[in-house]
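Colleague: I would like to see how this sequence folds:
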Amino acid sequence: MMSADSGAAVLETKDDGPKIPDKKKTKFDVIIIGAGPSGYTAGIYCSRAGYDTLILSGVLPGGQLVNTTEVENYPGFENGIMGPDLMIDMRKQSQRMGTTIVDDEAVNVDFRHKPYKVLTASEEYEGQAIIIATGANPRKLGLEGEETFGGKGVSYCATCDGPFFRNQDIIVVGGGDSAIEEATFLTKFATTVHLVHRRAELRASKVMQERALSNEKIKFHWDSAVIDIKGDQKVQQAIIKNLKTNEEKSLDIGGLFVAIGHIPNTKIFENQIDLDDEGYVVLKNRTHTNVEGVFAAGDVHDKNYKQAITAAAFGCMAAIDVDKYISESANKQE
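Modeller: Below is the predicted model of the structure:
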């Protein structure tokens, strides 16, 4: 199904570059906000279904995976694939299906009336259906070494990167459920897991606390914080400071996992759709938000899995839900 306003000319760069609509091309059947695994997958499915589809990729096309190195747990790649390469391939596949991709950031939306509006700094787009795929970013420690060694020993996902640290000493920072879950998971690979927590007791659930406290591979550093990360080409050492005594000590490590939560990228959707207390999109049913015709996919609503493959799966689900929504809407008008 193509929108009545989709006949405007489309400028296309040479080779496989992104399709950039001219200023007259602002109305689409589906607008996807965000371009990680969920956004690109949604684009593939929507475009294959015949919908005139726009992806606004944001300031970081490809999402968190463009800052990762080797991805071993995405099916179909026997020897793994580099995160940026996976995102480039997804982008090209979506474009090949006919998706228009604009490397611009949505700065505001208006979901009060149809067609829905999505605004960038320079343009206003209209869509009959919207898929929010803006993701979530891990909270960071704010250390210079954290940026220096991102993908070189500093990680925010134990499930993704744990197997790279077999027989090494590693640090997990945090004290909530996520941190304890990651620390416990990492004991499958690491020699010792040093859990560094700013408080004298954990915030995790009692069951998870008991499991971690009884694990001989986990060593706890209470009332402490990581204040520096050092190394040559990769992480080799971390400096820990006791926040009560100001005593500092260094630990020789191969990796450092930060597990202090995520921040969903939903600021522009406040007062437009339902968000929970942490800012995550609240789903009414499957991928539907509380606003009819507005859907969400990936880490922007998913607090539990946060994997590339689950984000892609949610993108597929959202696109199928969009197809059903638009088809049913068209039938009602007939």
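
Colleague: what's the separation between residue 266 and residue 211?
Modeller: To residue 211, residue 266 is 32 Å away according to Cβ to Cβ, to the nearest Å. All C-beta spots, glycine's among them, are computed from the backbone N, C-alpha and C.

Colleague: okay, the residue nearest to residue 121 when sequence neighbours are not counted: pLDDT?
Modeller: Leaving out its chain neighbours, the residue that sits closest to residue 121 by Cβ to Cβ, 6 or more residues apart in numbering is residue 107, at 5.8 Å. If you check residue 107, the pLDDT there is 96.

Colleague: ok, residue 107 - contacts?
Modeller: Residue 107 sits next to 119-121, 268 when contact means Cβ atoms under 8 Å, 6 or more residues apart in numbering.

Colleague: 10 Å - rerun?
Modeller: By Cβ atoms under 10 Å, 6 or more residues apart in numbering, the contact set of residue 107 is 118-122, 267-268.

Colleague: check residue 44 too.
Modeller: Counting by Cβ under 10 Å, 6+ apart, residue 44 makes contact with 53, 90, 93-99, 312, 315-316, 319.

Colleague: tell me the centre residue of this structure?
Modeller: By Cα atoms, centre = their mean, the mean C-alpha position of the chain lies nearest to residue 135, the distance being 3.9 Å.

Colleague: phi, psi for that residue please.
Modeller: The phi and psi values for residue 135, taken as degrees, to the nearest 10, are phi 70, psi -170.

Colleague: nearest residue to it in space, please, no chain neighbours.
Modeller: residue 299 (4.5 Å).

Colleague: now that neighbour: how far from residue 36?
Modeller: Distance, residue 299 to residue 36, by Cβ to Cβ: 8 Å.

Colleague: who touches both of those two?
Modeller: Counting by Cβ under 10 Å, 6+ apart, the common neighbours of residue 299 and residue 36 are 63-64, 133-136, 308, 311.

Colleague: from those residues, which ones fall inside strands?
Modeller: Here DSSP state E is the test, and those give residue 136 as lying in strands.

Colleague: just the buried members of the shared contacts of residue 299 and residue 36?
Modeller: Buried subset of the shared contacts of residue 299 and residue 36 (neighbour count, 16 or more other Cβ atoms under 10 Å): 63-64, 133-136, 308, 311.

Colleague: farthest pair in those?
Modeller: Greatest spacing in these, by Cβ to Cβ: 134 and 308 (15.5 Å).

Colleague: quick check: phi and psi on the residue nearest to residue 121?
Modeller: Main-chain torsions, residue 107, degrees, to the nearest 10: phi -110, psi -10.

Colleague: for residue 269, see how far away it is.
Modeller: Distance, residue 107 to residue 269, by Cβ to Cβ: 12 Å.

Colleague: can you point out the buried residues in the lengthiest helix in the chain?
Modeller: The residue-count maximum for a helix in the chain (DSSP state H) belongs to helix 308-333. By 16+ other Cβ under 10 Å, the buried positions in helix 308-333 come out as 308, 310-323, 325-326.

Colleague: check stretch 195-206 too.
Modeller: Here stretch 195-206 shows 195-197, 202, 204 as buried, counting by 16+ other Cβ under 10 Å.

Colleague: just stretch 138-146 next, same as before
Modeller: Neighbour count says stretch 138-146 has 138, 143, 145-146 buried, by 16+ other Cβ under 10 Å.

Colleague: ok so, going back, which of the shared contacts of residue 299 and residue 36 lies closest to residue 152?
Modeller: For these, the nearest to residue 152 is residue 64 (15.7 Å; Cβ to Cβ).

Colleague: helix, strand or coil for the residue nearest to residue 248 when sequence neighbours are not counted?
Modeller: For residue 248, ignoring the flanking residues on the chain, the nearest one in space by Cβ to Cβ, 6+ apart is residue 241 at 4.9 Å. Reduced to three states with DSSP: H, G, I helix; E, B strand; the rest coil, the structure at residue 241 is strand.

Colleague: does residue 241 touch residue 251 like I think?
Modeller: No. The criterion here is Cβ atoms under 10 Å, and residue 241 misses it with residue 251 at 11.8 Å.

Colleague: overlap in contacts, those two.
Modeller: With Cβ under 10 Å, 6+ apart, residue 241 and residue 251 have common neighbours 196, 221, 226.

Colleague: which one of those residues is nearest residue 43?
Modeller: Nearest to residue 43 out of the shared contacts of residue 241 and residue 251 is residue 226 (Cβ to Cβ; 38.7 Å).

Colleague: so what's the gap between stretch 47-54 and the chain middle?
Modeller: From the chain centre to the centre of stretch 47-54 is a distance of 23 Å (Cα atoms, centre = their mean, to the nearest Å).

Colleague: again with stretch 298-306
Modeller: Offset of stretch 298-306 from its chain centre (Cα atoms, centre = their mean): 7 Å.

Colleague: next one: stretch 246-254
Modeller: For stretch 246-254, the separation from the chain centroid amounts to 31 Å (computed by Cα atoms, centre = their mean).
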